Structure formats: structure tokens, C-alpha cells
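Trainee: one predicted model, sequence on top.
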Amino acid sequence: MRSRGLSDMLDVMLDIDSVTRRFGDLTALDNVSFSVPDGAFTGFVGGNGAGKTTTMRIIMGVLAASSGEVRWNGQPLTQCDRSEFGYMPEERGLYPKQPILPQLTYLGELHGLSSRDARRAATVLLTRFGLGDRLKDKLEKLSLGNQQRVQIAGALIASPKALILDEPFSGLDPDAVDEMFSLLAEFTKRGVPVLFSSHQLDLVERLCDQIVILRKGEVVAKGSVEQLRDSGETHHRIVARDDLGWLRDRTGVTVIDLDGPRAEVALADEAVAQAVLAEALGRGPVHDFGPIVRPLSDYYREVTR
Ligand SMILES: Nc1ncnc2c1ncn2[C@@H]1O[C@H](COP(=O)(O)OP(=O)(O)OP(=O)(O)O)[C@@H](O)[C@H]1O
């Protein structure tokens, strides 16, 4: 679904620069730096406790950084800038016991919309999410997936200039994810930067223009999916007619998996790859030989272990 390369997105609107945050003895964020370019979907991943929520809270001014700075269009981010951002916090912002339309309308008003415009925007969004006949229902009466849709609608209500979404896709079924993604894509097309955290690597790989990986409060990788994959170890697949056990004794070859005439190997460099192919051909027919495009999850495991 990615539509543009990073090179097309030259404007960097949201800049997280050397942000450190300590809680007592714990350094939850250690010199974290990355940018969320104009119009880019930036996926923010990392294990439990890596520091994603803390980073988002600092961006939104809920927490202060111990040191470092967040900039918006090159200037230190202000509360006024933040009031124009859409934010979906980890703890979710809406009240379970209140009906959904008045809550979203109120949120729109808090962001500066007139009562009429806020109500209209809320109605349009909720209808778009298939909740047009549930406007008077209390949030808690909706299914979890629908509650999540309403929470996301809360971040979108007032034409946000940036979107900071803490696990917006958790709890959504695959159709709802696609529906939500196409809605968010309308914002990125208008140049809105979107930063979202997620534990769903397959989804991040499919949807994001760029990815930032945190491990124990430090950025361990950032870039487009292609850049991250290319920087990881490449594996090759070999399928031949005869047993490939000889691969175990060759310099520069690490056997990852071997099953008779089928093998997955890590090869030190291109010269080793050519030598392996030549030897395999010398020993008999080779049915398949080539690099394996590995999922992002493999690379993620490499950099976070
Ligand atoms: N208010 C706080 N006081 C003390 N420690 C905190 C506070 N907030 C976060 N932490 C700690 O900071 C670290 C980072 O937490 P954070 O919630 O940012 O991680 P996360 O990447 O969002 O994790 P998860 O994926 O589990 O939501 C954790 O060790 C957490 O316990």
C-alpha cells in the first residue's frame, strides 16, 4: 500500500531531537532522535516498556523531557501547536458511560470548532465508520473494535495538522484495519505526518513509509522497510536434485536450515554466493537459487535481541 518513497518526502515537520527521559533511576528514553516527515506514515515499534508511549506523551506535552527537544517545522513545539494535533493516548480519552456523538462534538469544540461544525464533523466521521445509527449509544455499549473506531475518530475530528496515535490498530479486525488505513491515508496525502505505535509488525511492514525501532529506550533502527531489510543479513534458498550436506563445510556459508536437497543459507558475500552456485551446478541440476525476501519481523528480532 506504500505510495511514495522517502526521497519524495523532503519536508520534515516533526523532529524528535536527542530526547532523554528519566523516571528516578530508570532511563526510559536515552537520547532518542527521529523525524516524522511531512505526509509519511511512520510506524513506531519496540517491545513492552521500550518507551513508545513515553515518547508520544513527551511529543504531546503530557510529560516533560529530562533533556532534548521536540520541534515542529524547525521551531520548538508549543502547546498551541499541540492543540492542532490529533492524539489518541494509550489510556484512550473518551468516557465509557457517555454517548458517542456528544463526546466527539465536545472534543471538536475543545479543538476550536463551532458547536455546529463539531457536531457535523462527528456525525460524518461516525457515519463513515458505520456507526451512523449508534450516535446516541454510550461508548461502552459498542463492541471493542467499534469503541476503538470512536477513539480514533476523536483524534481526527478537527482537521489535525499531525497525528500521534498510540496503538490505533489494536483490537481491529483486518477489514477495519484497511478501512482505518485508507481514512488515515487521506490525511497523509494532504501532508499530515502520522506517527503510530504498534506491536503488529506485519501491519507496520505493509502500511508504513518509514519505521523507527526502539529497544530499551534507544533507537536501534530507522528507515524505510526496504532500507531496514537491506541492512539485515540476506539469506539464500537453494533447491537442487541431490543432497546439499556439503554446504556445511564451505567457508563463508552458514546453514540456517537443511533438508536433503533444500537449504536456506546465509552467505558471506557475492563471491561466496557465486562459488556455491557454481559448485551446486557442478554436482547436478539446480532447480532454484536466490535471495529470500525476509519479513520485517526477522530484522526486528535481529536488532532487538
Ligand atoms: N510515570 C512513570 N513512572 C515511572 N516509570 C514509568 C512511567 N511511565 C513509564 N515508565 C517506564 O518507562 C519505560 C517505558 O514505558 P513505555 O510505556 O513508554 O513503553 P512502551 O514502549 O509504550 O511499552 P508498551 O508497548 O508495553 O505499551 C517502562 O520501563 C515503564 O515502566
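Mentor: All right, it came through fine. Numbers count the residues shown, from 1 in each chain.

Trainee: which SSE is immediately downstream of the lowest-mean-pLDDT helix or strand in the chain?
Mentor: Among the helices and strands of the chain, helix 225-231 carries the lowest confidence by mean pLDDT, DSSP states H and E, at a mean of 80. Past helix 225-231, heading to the C-terminal end, the next element that is a helix or strand (DSSP states H and E) is strand 235-240.

Trainee: quick one: residues in contact with that next one.
Mentor: Outside of strand 235-240, the residues within contact range by Cβ atoms under 8 Å, 6 or more residues apart in numbering are 244, 247, 256, 261-267, 273, 276, 280, 283-292, 294. Glycine gets a C-beta too; all of them are placed from N, C-alpha and C.

Trainee: around the ligand, which positions in the stretch 51-200 of the chain sit nearby?
Mentor: When proximity is defined as Cβ under 6 Å from any ligand atom, the stretch 51-200 of the chain approaches the ligand at 51, 52, 53, 54.

Trainee: just the ones of the residues you listed in strands?
Mentor: Counting by DSSP state E, those place none of their members in strands.

Trainee: let me see the domain layout of the protein.
Mentor: The chain breaks down into these domains under the TED database: 12-229, 232-304.

Trainee: okay, those domains in JSON lines with mean neighbour count next?
Mentor: As requested, the domains of the chain are exported to JSON lines (neighbours: other Cβ atoms under 10 Å):
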{"stretch": "domain 12-229", "mean neighbour count": "18"}
{"stretch": "domain 232-304", "mean neighbour count": "15"}
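
Trainee: on that earlier part again, can you tell me which of the residues of the stretch 51-200 of the chain next to the ligand is nearest residue 153?
Mentor: residue 53 (20.8 Å; Cβ to Cβ).

Trainee: that closest one contacts residue 166, correct?
Mentor: Yes. Using Cβ atoms under 8 Å, residue 53 is in contact with residue 166, at 5.8 Å.

Trainee: who touches both of the two?
Mentor: Both residue 53 and residue 166 are in contact with 90, 197, where contact means Cβ under 8 Å, 6+ apart.

Trainee: returning to that earlier point: which helices and strands sit right next to the least confident helix or strand of the chain?
Mentor: Helices and strands touching helix 225-231, by 3 or more Cβ pairs under 8 Å, 6 or more residues apart in numbering; DSSP states H and E, are strand 210-215, strand 218-223, helix 296-304.

Trainee: worst mean pLDDT among the ones you listed?
Mentor: Ranked by mean pLDDT, those bottom out at helix 296-304, which scores a mean of 85.

Trainee: then it to CSV, C-alphas only?
Mentor: Extracted C-alpha coordinates of helix 296-304, given in CSV (Å, rounded to 0.1, in the frame of the first residue of the first chain):
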residue,chain,number,x,y,z
LEU,A,296,10.4,-7.3,8.8
SER,A,297,9.9,-9.4,11.9
ASP,A,298,13.2,-11.3,11.2
TYR,A,299,15.1,-8.0,11.0
TYR,A,300,13.2,-6.7,14.1
ARG,A,301,14.4,-9.8,16.1
GLU,A,302,17.9,-9.2,15.0
VAL,A,303,18.1,-5.6,16.2
THR,A,304,16.1,-6.0,19.4
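
Trainee: re the thing from before, so which of the contacts of strand 235-240 belong to strands?
Mentor: Short answer: the contacts of strand 235-240 in strands (DSSP E) are 256, 262-267, 286-292.

Trainee: hmm, which two among these are most spread apart?
Mentor: Maximum distance among the ones in strands among the contacts of strand 235-240 (Cβ to Cβ): 20.4 Å, for 266 and 287.

Trainee: tell me the contacts of residue 129?
Mentor: Per Cβ under 8 Å, 6+ apart, neighbours of residue 129: 146, 149, 150, 153, 179.

Trainee: try it again at 7 Å.
Mentor: 149, 153 (Cβ atoms under 7 Å, 6 or more residues apart in numbering).

Trainee: out of the ones in strands among the contacts of strand 235-240, flag the one nearest to residue 44.
Mentor: Using Cβ to Cβ, those come closest to residue 44 at residue 292, 26.8 Å.

Trainee: please tell me how far residue 86 sits from residue 246.
Mentor: 58 Å (Cβ to Cβ, to the nearest Å).

Trainee: so for the helix or strand containing residue 32, mean pLDDT?
Mentor: Take DSSP H and E as the rule and residue 32 turns out to sit in strand 26-37. For strand 26-37, mean pLDDT is 96.
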